[in-house]
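> Show me how the following folds:
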Amino acid sequence: MALAKMMLEKLPRDFSIVTLFSLGSKAIQAVLTVVIIRVLSMGDYAAYTMFLTLSATVLGVAGQSFSLAYVRYNTEKISLDPRAADTVFLVSHIVNGVSCGVAGGFVALWGGQLDYAPYILLLAILYGFILGAIQINMAFLQSREHYAAAGVLENCKQGAILAFVVGAIVLFGASIDSILVAYLLSGILCFVVSIGYFRRPLQDGSLRFVLDKGEARDFIAVSIWLILYSSVMQTFNQVDVSMLTAWGTAAQVAEYGVALKYYNIVLILLPSIKTVLRVRMSKAEMTTDVARQKAFSIRWIKKTALPFLLGVVALCLGAQALFPVLNGEAYDSAIPVFNVLCVGAFFAYVLAPSVSLVMSLGRYKEQFLLSLLALAINAGGNWALIPLWGAAGVAVSTTVSQFVLNASMTLLVFWHARKAERDAERGELL
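Down below sits the predicted model:
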């Protein structure tokens, strides 16, 4: 109750609407997960997992990394001049398109050496590019505090996926090809819907897109470490699935994919929490007072540790009963993988303020270096554990590396708080 009260006190009305939309989106995603697990063979589900992971990587490296930097950069700019021309929006879309072309060229040249059909990889890259374009459009809306519109787009995407996938299964049968095309069509539909939000501001002149090379260089200079950090973070799942594909079996890839889908549903509240915390940490009284940031982090950990621990225990126990009912007995081996990932979910929630706190300090370079360390731990753990434990080994290395990342960023904030205290003590002595 204390956590809910703390969240509601800081929750803008528009964002409350988006939170409800997010809950609806996750409900749709849960239904879709069960449907696809039921209709696809284990081999096809492994290919489906690779499709989603590769598309998410393309989305993260280009669209999502630039979206995060775009929101931070553009929010300040339009707060000073709401009618200022928008350059970063165009830059973000250009980078997203170029990234798609580079990834597509790589698959065209070397895709035949991978274990999956090149057309599946090309569809994944194209879908990731479309998702990136949608994400940039959503970032545009968020930077102008149109939270509800961004929430509608997210629900539109999930609802369209469910509708197109069910339609594809009914009309063309439960094949991997029909499901992947359904995903692609749903992305195109959602992108078209997102374009509609620009029509009126462009017509009345309140929105102008201008490609200013000087401003583009300034944006990259200010945001480069944040962009690199986000890009590294988005490679985590791709590293996991790629290494499991190389050293494991298709069945293990499918097991990990099933556990990962439910794990993502468990993280249902995390995007909302992080958005609220990002707003909270961006306020002047927080960005200029490291001691207050440290106090907030400690208070958050104390208030959230027990509720989320109980939630993880309930999920682990519930998975024993629900997984066979939802997925059939073929994926019983995904239960321990899911349980390990749930431990990671506990730390993700309890240490949720870490990223926002480090960003509020402007310590983007340290954030990037810590993400590289975590990625190295993840890759090294996969290399050592996949031959021993298969998909469970990937879950263990992912959980450990994510904990190291979040814990180290929390300690970084504490270190800067202590440093500020020492500097203040020296100043009093002088």
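> Contacts for stretch 169-186, please.
35-36, 39-40, 44, 47-48, 51, 120, 123, 126-127, 130, 157, 160-161, 163-165, 167-168 (C-beta atoms under 8 Å, 6 or more residues apart in numbering). Glycine gets a C-beta too; all of them are placed from N, C-alpha and C.
> distance between the ends of stretch 135-150?
9 Å (C-alpha to C-alpha, to the nearest Å).
> what is the rounded mean pLDDT of it?
Average pLDDT, stretch 135-150: 76.
> any idea how far the closest residue to residue 63 other than its chain neighbours lies from residue 96?
Using C-beta to C-beta, 6 or more residues apart in numbering and skipping residues adjacent in sequence, the residue nearest residue 63 is residue 132, 2.2 Å away. To residue 96, residue 132 is 4 Å away according to C-beta to C-beta, to the nearest Å.
> One more: residue 185?
Counting by C-beta to C-beta - residue 185 and residue 96 are separated by 20 Å.
> neighbour count winner among these two?
residue 96 (26 against 17; other C-beta atoms under 10 Å).
> List the buried residues for the helix or strand hosting the more buried one?
Using DSSP states H and E, residue 96 sits within helix 88-110. Within helix 88-110, the residues that count as buried by 16 or more other C-beta atoms under 10 Å are 88-93, 95-96, 99-100, 103-104, 107.
> Endpoints of stretch 325-338, how far apart?
So stretch 325-338: terminal residues 15 Å apart, C-alpha to C-alpha.
> Double-check the residue nearest to residue 63 against residue 57; I have them as touching.
No. Judged on C-beta atoms under 8 Å, residue 132 makes no contact with residue 57 at a distance of 10.6 Å.
> Compare those two (neighbour count), which wins?
Neighbour totals were compared for residue 132 and residue 57, and residue 132 leads with 29 against 24 (other C-beta under 10 Å).
> quick check, distance from the helix or strand harbouring the more buried one to the centre of its chain.
In this assignment (DSSP H and E), residue 132 forms part of helix 118-143. With C-alpha atoms, centre = their mean, to the nearest Å as the basis, helix 118-143 stands 13 Å off its chain's centre.
> what's the following helix or strand after it?
Per DSSP H and E, the helix or strand that comes after helix 118-143 is helix 147-172.
> List the buried residues of that next one.
Buried residues in helix 147-172 (16+ other C-beta under 10 Å): 147-165, 168-169.
> so that helix versus helix 118-143, what angle?
Helix 147-172 runs at 160 degrees relative to helix 118-143, counting by axes from the mean of the first three to the mean of the last three C-alpha atoms, to 10 degrees.
> following helix 147-172, which helix or strand comes up?
By DSSP H and E, the next helix or strand past helix 147-172 is helix 176-195.
> what's the angle from that next one to helix 118-143?
20 degrees.
> And the helices in the stretch 201-350 of the chain?
213-233, 236-247, 250-266, 270-281, 284-287, 290-327, 334-350 (DSSP state H, counting those that start in this stretch).
> Which one, of the ones you listed, ends up nearest to residue 73?
helix 213-233 (5.6 Å; C-beta to C-beta).
> Dump the C-alpha coordinates for the closest one into CSV.
Taking Å, rounded to 0.1, in the frame of the first residue of the first chain, the C-alpha atoms of helix 213-233 are listed here in CSV:
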residue,chain,number,x,y,z
LYS,A,213,23.1,19.8,-39.3
GLY,A,214,24.5,21.9,-36.5
GLU,A,215,21.8,20.9,-34.1
ALA,A,216,22.1,17.3,-35.2
ARG,A,217,25.8,17.4,-34.3
ASP,A,218,25.0,19.0,-30.9
PHE,A,219,22.4,16.3,-30.2
ILE,A,220,24.9,13.5,-31.0
ALA,A,221,27.6,15.2,-28.9
VAL,A,222,25.3,15.6,-25.9
SER,A,223,23.6,12.2,-26.2
ILE,A,224,26.3,9.8,-27.5
TRP,A,225,27.0,8.0,-24.3
LEU,A,226,23.3,7.6,-23.5
ILE,A,227,22.7,6.3,-27.1
LEU,A,228,25.6,3.8,-26.7
TYR,A,229,24.3,2.7,-23.3
SER,A,230,20.9,2.0,-24.7
SER,A,231,22.3,0.2,-27.7
VAL,A,232,24.4,-2.1,-25.5
MET,A,233,21.4,-2.9,-23.2
